[in-house]
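Student: Okay, here's the prediction I keep looking at, along with the sequence it came from:
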Amino acid sequence: MWCAKAIAGIGKQDNTLTSRSIVISLRRKLVSEKVKPFRFNLYQEYQFVAKRIGFSWIERAQAALSSIEARQDHDAQSTGVQLLTDVRNVVSESSRPEWSSTNLYNAVVHNEETDWSVFNHGSPITKKKFTQMLGDFGIKPTKRSNANVFYVADLEDAFVRYLTHI
């Protein structure tokens, strides 16, 4: 049986899926951008359902929601956000308007303060994976005749969108 489905994901999805889909790309809003709040509070909806099932479920629902909230607050950064943070740290130490992909990769991976040199089971993250992970944030290198380059302006847009809370 076929029916409409909504599927959310981070990064590039499989071609089999995207060839049969209407793709809506999203990105995090800037602090200066305004959006309307979602129309209902999910916690209130869960508590309403718990009350309808029985009062014994109210405490269970509250405990589960508290656990989810605590986990969200204390979760470690995703590897993508960590990479973006490390790229920001490297880029902020220079006044270059652009970085060759090789120079940016080397600066991040060989930085003693990061773990990218042992990311891949004790081996460095590959250049391909490095570029793919930055691509998840909408950062793509520009191809030149002698090298691919990342423009700092493109990087800074991602920093503002994804790292403002850090």
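Tutor: Received, thanks. None of the values given here were measured: they were computed from a predicted structure.
Student: can you pull the buried residues of stretch 3-16?
Tutor: By neighbour count on 16 or more other CB atoms under 10 Å, the buried set for stretch 3-16 is empty. Bear in mind the C-beta positions are built from the backbone N, C-alpha and C, glycine included.
Student: could you dump it to PDB, C-alpha only?
Tutor: Provided in PDB are the C-alpha atoms of stretch 3-16 (Å, rounded to 0.1, in the frame of the first residue of the first chain):
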ATOM      1  CA  CYS A   3       0.800   6.600   1.100                       C
ATOM      2  CA  ALA A   4       2.300  10.000   1.600                       C
ATOM      3  CA  LYS A   5       5.100  10.100   4.200                       C
ATOM      4  CA  ALA A   6       7.200  12.900   5.700                       C
ATOM      5  CA  ILE A   7      10.800  12.000   6.300                       C
ATOM      6  CA  ALA A   8      13.300  14.200   8.000                       C
ATOM      7  CA  GLY A   9      17.100  13.800   7.900                       C
ATOM      8  CA  ILE A  10      20.400  15.500   8.300                       C
ATOM      9  CA  GLY A  11      22.700  15.500   5.400                       C
ATOM     10  CA  LYS A  12      22.300  14.000   2.000                       C
ATOM     11  CA  GLN A  13      19.700  11.300   1.600                       C
ATOM     12  CA  ASP A  14      19.900   8.200  -0.600                       C
ATOM     13  CA  ASN A  15      19.100   8.800  -4.300                       C
ATOM     14  CA  THR A  16      16.400   6.200  -4.300                       C
END
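Student: Touching that stretch from outside, list them.
Tutor: Here stretch 3-16 makes contact (CB atoms under 8 Å, 6 or more residues apart in numbering) with 17, 21, 23, 80, 132, 135-136.
Student: out of those, which are buried?
Tutor: 80, 136.
Student: With pLDDT as added columns, please give the contacts of stretch 3-16 in CSV.
Tutor: What follows is the contacts of stretch 3-16, written out as CSV (pLDDT from 0 to 100):
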residue, pLDDT
Leu17, 85
Ser21, 83
Val23, 81
Gly80, 88
Gln132, 93
Gly135, 92
Asp136, 88
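Student: what's the most distant pair in the contacts of stretch 3-16?
Tutor: Ser21 and Gly80 (22.4 Å; CB to CB).
Student: does Leu26 sit in a helix, a strand or a coil?
Tutor: coil (DSSP: H, G, I helix; E, B strand; the rest coil).
Student: Next one: it from Arg161, what distance?
Tutor: 11 Å (CB to CB, to the nearest Å).
Student: Those two: who's more crowded?
Tutor: Arg161 (17 against 7; other CB atoms under 10 Å).
Student: So for the residue lying closest to that one once chain neighbours are set aside, what pLDDT did the model give?
Tutor: In this structure, Arg161 finds its nearest non-sequential neighbour in Arg28, 4.3 Å apart by CB to CB, 6 or more residues apart in numbering. Looking at Arg28, its pLDDT stands at 79.
Student: Nice, that's everything, thank you.
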